[in-house]
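[1] Compute the structure for the input listed below.
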Amino acid sequence: MPMLEIDNLYAGTEEVTILHGVSLTLDAGEVHALMGPNASGKSTLAKALAGDPGIIVKSGKMRFMGKDLSALNPDERARLGLFLSFQYPPEVPGVTIASFIRTALHELTGEETSVLSYYAELKEKLKQLELPEDFANRELHVGFSGGEKKRSETLQLAVFQPKLAILDEPDSGLDIDALRIVAESVNAMRSPERAFLIITHYQRILNYIAPDRVHVMVDGRIVHSGGAELAKELEERGYDWIKQEFAGMALPSEEQDTR
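    The predicted structure is shown next:
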């Protein structure tokens, strides 16, 4: 059974259909990259999988670990092992990173962890990510740079250990050193029981995290898939050649989208 199955998915807002028949299969142990130009629907797909209430699934199926995601609220999806790293993580004043992660960990596992053991683990994860210990005492994402927000979410990923991690532009705002550290953390978590879906515009993070499959999304449809070499080809040629190929493919009508 695939870990994630997306079958002919149409989704968007009440007014606009953004995803037009997306299909994708992701097995445990695999890393897939989803690439494409701005406004192609990549983040909409991530939000649909996570259960963002602003995204409406109009037709099609999403199955994770054999379960219909449409029947589960966001909390249930997270407890099942689905993790989303946001493109723009929100600020939460008054809540420290350490407090947030401990509360979320309790909600995910249903288990109470002693303060000593929790902070020992957190300290170890901070060390692995080359972050100072006082980083965990800062208010969640308040006043953070883009790179600091991404490293905060990588810390959460390292602690939560999800089955499927959807990383929406994890390279956004990162300098070379921070990119390397984030990539090393992801690579350390690769296992036969875990899968990653990495959403990115650029090939640079894929220099550090070798994907098993690369998919290209244009105008809400996956129009091309291939191996890791596809990301390098996109880096060299840009997206124009993909767009030109896609120009000959007619989009379904709105009536078809919402059937």
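[2] going forward, measure contacts and count neighbours with C-alpha atoms only.
    Fine.
[3] Just the CA atoms of stretch 219-231, as PDB, please.
    C-alpha atoms of stretch 219-231 as PDB (Å, rounded to 0.1, in the frame of the first residue of the first chain):
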ATOM      1  CA  ASP A 219      -1.300  25.700 -13.700                       C
ATOM      2  CA  GLY A 220      -2.500  23.200 -11.100                       C
ATOM      3  CA  ARG A 221      -1.500  20.000 -13.000                       C
ATOM      4  CA  ILE A 222       1.500  17.700 -12.800                       C
ATOM      5  CA  VAL A 223       2.700  17.900 -16.300                       C
ATOM      6  CA  HIS A 224       6.000  16.100 -16.200                       C
ATOM      7  CA  SER A 225       7.800  13.600 -13.800                       C
ATOM      8  CA  GLY A 226      11.200  12.000 -13.800                       C
ATOM      9  CA  GLY A 227      14.300  11.200 -11.800                       C
ATOM     10  CA  ALA A 228      16.700  13.500 -10.000                       C
ATOM     11  CA  GLU A 229      18.200  14.500 -13.400                       C
ATOM     12  CA  LEU A 230      14.900  16.400 -14.200                       C
ATOM     13  CA  ALA A 231      15.700  19.000 -11.400                       C
END
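[4] Could you give the average pLDDT over it?
    Mean pLDDT, computed over stretch 219-231, is 94.
[5] List the contacts of it.
    18-23, 39-42, 202-203, 206, 210-217, 242, 246 (Cα atoms under 8 Å, 6 or more residues apart in numbering).
[6] which ones are touching residue 112?
    Shown in contact with residue 112 (Cα under 8 Å, 6+ apart): residue 106.
[7] so it is in which element?
    Secondary structure from DSSP states H and E places residue 112 outside every helix and strand.
[8] next one: residue 235
    Using DSSP H and E, residue 235 maps to helix 228-237.
[9] Phi first, then psi, for residue 173.
    phi 80, psi 10 (degrees, to the nearest 10).
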